[in-house]
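Trainee: Got a sequence here, can you build the structure:
(one chain, ligands or ions: 1)
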Amino acid sequence: MDRWLQGQTILVTGASGGIGAAIVERLAAEGARPIIHFSRDKAGAKALLARIGGHGWIIQADLSTPEGPFELWRRTVEVAGRVNGLVNNAGIRTEVPIELSAADWRAAWQKEFQINFFAAADLSRDAILHFKANGGGRIVNIASRAGQRGYAADAMPYGATKAALVNLTKSIARSFGGEGVTAVAIAPGWVRTDMAEDFIAAHGKAAAVADIPIGEMAAPSEVAELVAFVLRPSQASLNGATLDVNGGSYIR
Ligand code: NAD
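Mentor: Numbering: from 1, shown residues only. Reported below is the predicted structural model:
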């Protein structure tokens with residue numbers, strides 16, 4: 001495989017499994033040294049590091065706490081030195097029916113915004129400061145089709161957090177492009193991971209693929225390939241875009 005990302009050091013959040021692990025494998029295959037962030041699955045993170053020949057690092061952090069994202073960036077720079085890219089991939093999708101008690105409803109919205117959006121915003125802040133001081137860098141935010149077209153009655157926070165992430169991406173692109181900091185959002189429809197399996201267990205596969213013209217969910221490797229492409233230094237003008245990976249289920 002061509003080593004388009006040779007010498008690049010890139011932090012991937014939520015990387016022990018699913019889309020994040022596929023991103024790490026692809027980045028490594030193209031020559032990058034990934035920093036594998038994980039929350040609970042240390043064994044998964046260690047196995048992933050072994051699969052990429054040990055050419056990277058693993059760091060634990062809980063992004064549901066206010067200090068978690070800042071601590072993660074601090075330790076990332078501590079182990080890796082110069083960082084070239086940040087992939088905000090960690091995310092949760094919670095079932096939050098409106099019949100929940102007001103306290104539970106509010107707690108679910110706050111947790112989902114903390115992990116899916118505020119952690120990404122905090123990491124982006126620290127990354128932008130680092131990139132500005134060190135010759136530039138790139139941020140890739142894993143958003144969702146849910147953030148573009150609105151979302152299901154039982155999971156409204158998810159769509160709202162992803163819409164916010166798309167907007168943050170655009171603001172970074174407009175604000176810091178002149179200082180060598182660029183940002184791109186990727187908006188997948190359903191991707192075959194644990195998150196999709198949870199939905200299939202509750203609602204059935206037909207419900208997931210019914211409105212996808214190609215009739216199938218995306219593979220994690222499809223998203224990973226696109227992330228690696230976006231991170232190529234040669235893609236200087238790819239800034240502020242939201243790239244759809246949804247089988248034609250939402251066309252703008
Ligand atoms: P996943 O559940 O396999 O992975 C989510 C990751 O987020 C995990 O590694 C987990 O450790 C991490 N995470 C969760 N809570 C955390 C916390 N408190 N602190 C730190 N990390 C935490 O799901 P996935 O499908 O691989 O999702 C990856 C990204 O892709 C998410 O942002 C998700 O919203 C997005 N996405 C997924 C789909 C899909 O259909 N699977 C579609 C569109 C977008």
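Trainee: Please count neighbours and contacts with C-alpha atoms only from this point.
Mentor: Will do.
Trainee: tell me which helix or strand of the protein sits lowest on mean pLDDT?
Mentor: Lowest on mean pLDDT, DSSP states H and E among the helices and strands of the chain sits helix 194-203, with a mean of 90.
Trainee: for the top helix by length along the chain, packing partners?
Mentor: Secondary structure of the chain per DSSP state H: the longest helix is helix 156-176. For helix 156-176, the elements it packs on are helix 102-113, helix 119-133, strand 137-142, helix 146-149, strand 181-188, judged by 3 or more Cα pairs under 8 Å, 6 or more residues apart in numbering; DSSP states H and E.
Trainee: average pLDDT for the second one?
Mentor: Here helix 119-133 scores 99 as its mean pLDDT.
Trainee: That helix and the ligand in contact?
Mentor: No - Helix 119-133 is not in contact with the ligand by Cα under 6 Å from any ligand atom; minimum separation 8.7 Å.
Trainee: Tell me which residues are up against that helix.
Mentor: By Cα atoms under 8 Å, 6 or more residues apart in numbering, the residues outside helix 119-133 that reach it are 63-64, 66, 68-70, 73, 83-84, 86, 88, 137, 139, 141, 165, 168, 176, 179-181.
Trainee: if we can go back for a sec, just want the angle from the longest helix of the chain to strand 181-188.
Mentor: 150 degrees (axes from the mean of the first three to the mean of the last three Cα atoms, to 10 degrees).
Trainee: about what we covered before: any idea how far the least confident helix or strand of the chain is from the chain center?
Mentor: Centre-to-centre, helix 194-203 and its host chain are 19 Å apart (Cα atoms, centre = their mean, to the nearest Å).
Trainee: Show the subsequent helix or strand relative to it.
Mentor: helix 205-209 (DSSP states H and E).
Trainee: Can you give me the buried ones in the longest helix of the chain?
Mentor: 156-166, 168-170, 172-173, 176 (16 or more other Cα atoms under 10 Å).
Trainee: which residues touch residue 106?
Mentor: Neighbours of residue 106 in contact, by Cα under 8 Å, 6+ apart: none.
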